[in-house]
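A.B. asks: Sequence and computational prediction follow.
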Amino acid sequence: MKNLLKISILIFISAIGANLFANHPPKPHPNYAIVFPQNKVNTLEISLTKAQWDSIKADMKTKFGNDFGEGGFPNRGKMPPMPPPNFEDGPPMMNFGKGEPDYVQASIRFKGKTYPKVAFRLKGNSSLMMTWGKGVYKLPFRLDFGKFEKDKKKRKLYGFQELAFSPAMSDKSLIREKVAADIFREAGIPAAQTAFYKIYIDFGQGKKYCGVYTLTEVIDDTMIKSQFGEDSGNIYKPESNFTKFKKEQFDKKNNKKKADWSDVEAFVKTLNSTERTTNAAQWRADLEKTFNIEHFLKYLAVNTTIVNWDSYGAMAHNFYLYNSPTQKLTWIPWDHDQALGLKMEAPEGMRPPNSLQSKNSKMPDGFGFGPPPMGGGPMGRSISLSLKEASKNWPLIRFIADDEVYFAKYKNYVKEFTENVFTPEKMSALFDKNHQLIASAVAKEQKPFSHLNKLEDFDNELNSLKAHVVKRNAEVKEFLK
């Protein structure tokens, strides 16, 4: 009788469990093997109607001031002279448009399946502006599978709701975005997963091959949960140099209803505390209560060694902060298409008018007009290994350089990185693998659906990457003497 009762209870519990599962099925786990394969190039097809493409063009005209292919600088002749950088209220941002482009509904085909209600929008800042102005159809874009789709089964692509695609606008190797993320993770720095894709887009007049793109995982969608094991803490995408706390400079990506920025506010306050110069040991102890400084030192060593100018220290963007319950505020790098020694040069016809240039501007050094845009190294250049160029306008780097304890740790991380990860042998193997993976797909790119002027540039840039690693290793040895 007792056994019969136990069996009845188990059947009842199983029935309840089955009913709960039917009403609340578990969220699909991101399938990285399918969406982010590392040994092959996936294919994705995007279909826009002519009306949708016309809508995109009208929106871009309103926000960027240019028709597609019109060329020139955005809103040319309408922009006021650029004032000297003023960090009183945080760093000035170099935003070319008037807000993000609008989403339109598109149809996506992937792995034999069609997703008819996917949100598609163009993304980027200078890369988008230059691509748009040149009339190149290989445009940077984002997809959101949940914004317009009501069918829960189609609101994610194998567990991913949002995805970002970059066209390597100024990178002739087409692999920097991909390999830089791999290098960060190999060095122990969490970074978004990446993979190569062949992209076909119908702009309303038939499907066109738009070449090889790099797919990048969206940080607040899946990356933090998969690499930190949880995502309960606050996720921020700041545009701040940390000289002072301003809530609007810390774009919150989750926990928005709580409206609590106390974690980043405490970090910025402690960072700039006068205790740094009166009691350095206490300042370090207090800073480490809010911020994962050890992790940042390792990141800074990697970022500075590989040479990545489009990041904190020159520009107040391209990073996230995650307030891990166990690791404090943790730095996450983002957007690496300018990494590994690449300078962003303004194409002919895309430079700003003379009225917007400083008398001290030297345009041939890169797309950095006027004074150093953020008070550190000029755009297109990076801070040196010694960090000496970092001004007080970049306190997180400047104060590390000034602190004997932190600077010694930073130097050790530079040494470890170059000896264990950033060696010419390992990097050559990594570069060769990714170059060969996409070579046949790149060879099929044609204007105006490619940023390459000639295929030889693709091969030549591979050699430039390898030479860059050799050069940096020599410079690191000199720095560590």
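C.D. replies: Arrived safely.

A.B. asks: contacting residues for residue 38?
C.D. replies: Shown in contact with residue 38 (CB atoms under 8 Å, 6 or more residues apart in numbering): residue 195. Where you see a C-beta, it was placed from the backbone N, CA and C, and this is true even at glycine.

A.B. asks: Tell me the pLDDT of it.
C.D. replies: Among the per-residue scores, residue 38 shows a pLDDT of 97.

A.B. asks: Distance of it relative to residue 46?
C.D. replies: Per CB to CB, to the nearest Å, residue 38 is found 23 Å from residue 46.

A.B. asks: One more: residue 469?
C.D. replies: Applying CB to CB to residue 469 and residue 46 gives a distance of 35 Å.

A.B. asks: what does residue 159 give?
C.D. replies: For residue 159, the distance to residue 46 - CB to CB - is 20 Å.

A.B. asks: Of those two, give the one with the bigger neighbour count.
C.D. replies: residue 46 (21 against 16; other CB atoms under 10 Å).

A.B. asks: which helices and strands sit right next to the helix or strand hosting that one?
C.D. replies: In this structure, residue 46 sits in strand 42-47 according to DSSP states H and E. In this structure, strand 42-47 makes packing contacts with strand 104-110, strand 194-202, strand 207-217, judged by 3 or more CB pairs under 8 Å, 6 or more residues apart in numbering; DSSP states H and E.

A.B. asks: Which strands border the shortest one, and is each parallel or antiparallel?
C.D. replies: With DSSP bridges as the criterion, the sheet partners recorded for strand 104-110 are strand 42-47 (antiparallel), strand 113-122 (antiparallel).

A.B. asks: Now do the buried residues in the first one.
C.D. replies: Using 16 or more other CB atoms under 10 Å as the test for burial, strand 42-47 gives 42, 44, 46-47.

A.B. asks: Reformat these as CSV; add pLDDT and distance to residue 429.
C.D. replies: CSV is the format used below for those (pLDDT from 0 to 100; distance: CB to CB, whole Å):
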residue, pLDDT, distance to residue 429
42, 98, 23
44, 98, 28
46, 98, 33
47, 98, 38
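
A.B. asks: Can you tell me the SS state at the most centrally placed residue in the chain?
C.D. replies: For the chain, residue 335 is the residue whose C-alpha lies nearest the centre (CA atoms, centre = their mean; 2.3 Å). Under DSSP: H, G, I helix; E, B strand; the rest coil, residue 335 falls in the coil class.

A.B. asks: Help me confirm that it comes into contact with residue 310.
C.D. replies: Yes - here residue 335 reaches residue 310: they are 6.8 Å apart, a contact under CB atoms under 8 Å.

A.B. asks: I'd like the distance from the host helix or strand of residue 142 to the chain centre, please.
C.D. replies: Using DSSP H and E, residue 142 sits within strand 141-144. How far strand 141-144 lies from its chain's middle: 14 Å, per CA atoms, centre = their mean, to the nearest Å.

A.B. asks: tell me the average confidence for the next helix or strand after it?
C.D. replies: Tracing the chain past strand 141-144, the next element assigned as helix or strand by DSSP H and E is strand 162-166. For strand 162-166, mean pLDDT is 98.

A.B. asks: which helices and strands sit right next to the next helix or strand after strand 162-166?
C.D. replies: Sequence order places helix 176-186 as the next helix or strand after strand 162-166, per DSSP H and E. Applying 3+ CB pairs under 8 Å, 6+ apart, we find helix 176-186 packed against strand 194-202, strand 207-217, helix 293-306, helix 424-442.

A.B. asks: And the spatially closest residue to residue 233 that is not a sequence neighbour, how far from residue 275?
C.D. replies: Spatial nearest neighbour of residue 233, excluding adjacent residues (CB to CB, 6 or more residues apart in numbering): residue 323 at 3.8 Å. The gap separating residue 323 from residue 275 is 22 Å, by CB to CB.

A.B. asks: Specify which residue of these two has the higher count of neighbours.
C.D. replies: Legend: neighbour count by other CB under 10 Å for residue 323 and residue 275, higher for residue 323 (22 against 16).

A.B. asks: What segments of the stretch 301-450 of the chain are helices?
C.D. replies: 395-402, 404-420, 424-442 (DSSP state H, counting those that start in this stretch).

A.B. asks: Can you give the contact residues for the last one?
C.D. replies: Taking CB under 8 Å, 6+ apart as the criterion, the residues outside helix 424-442 that touch it are 39-41, 173-175, 178-179, 182-183, 196, 198, 211-212, 452, 455, 458, 462, 465-466, 469-470, 473.

A.B. asks: Now do the helix or strand that it is followed by: which elements does it pack against?
C.D. replies: As assigned by DSSP H and E, the chain's next helix or strand after helix 424-442 is helix 455-480. Secondary-structure packing of helix 455-480 (3+ CB pairs under 8 Å, 6+ apart): helix 293-306, helix 404-420, helix 424-442.

A.B. asks: Those helices: which one's closest to residue 147?
C.D. replies: Closest approach to residue 147 among the helices and strands packed on helix 455-480 (CB to CB): helix 424-442, 29.0 Å.

A.B. asks: Check which residues of the closest one are buried.
C.D. replies: So helix 424-442, judged by 16+ other CB under 10 Å, has buried residues 427, 430-431, 434-435, 437-438, 441-442.

A.B. asks: How far off centre is that helix?
C.D. replies: That offset, for helix 424-442, works out to 21 Å (CA atoms, centre = their mean).

A.B. asks: Redo the strands paired with strand 104-110 as a markdown table? Include distance to residue 385.
C.D. replies: Listed next are these as a markdown table, based on distance: least, CB to CB, whole Å:
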| stretch | distance to residue 385 |
| --- | --- |
| strand 42-47 | 37 |
| strand 113-122 | 36 |
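
A.B. asks: so where's this structure uncertain?
C.D. replies: Applying pLDDT under 70 to the chain flags residues 1-28, 72-98, 343-381.

A.B. asks: Recalculate using a threshold of 90.
C.D. replies: 1-29, 63-66, 70-100, 124-127, 129-130, 151-154, 256-259, 309-310, 314-315, 341-383 (pLDDT under 90).

A.B. asks: How is it divided into domains?
C.D. replies: Domain segmentation of the chain under automatic domain parsing yields 32-91+98-225, 229-480.

A.B. asks: Please give me every residue in contact with residue 300.
C.D. replies: Residue 300 touches 397, 400, 410, 413, counting by CB under 8 Å, 6+ apart.

A.B. asks: Counting neighbours, what do you get for the residue nearest to residue 174 when sequence neighbours are not counted?
C.D. replies: Once flanking residues are discounted, residue 174 sits nearest to residue 168: 4.4 Å by CB to CB, 6+ apart. Residue 168 has 27 neighbouring residues, counting by other CB under 10 Å.

A.B. asks: Wait, residue 168 touches residue 179, no?
C.D. replies: No - Residue 168 lies out of contact with residue 179 (CB under 8 Å); the separation is 11.5 Å.

A.B. asks: any idea how far residue 49 lies from residue 204?
C.D. replies: Residue 49 is 5 Å from residue 204, by CB to CB.

A.B. asks: neighbouring strands for the strand holding residue 142, and are they parallel or not?
C.D. replies: If you go by DSSP bridges, strand 141-144 pairs up with strand 113-122 (antiparallel), strand 162-166 (antiparallel).
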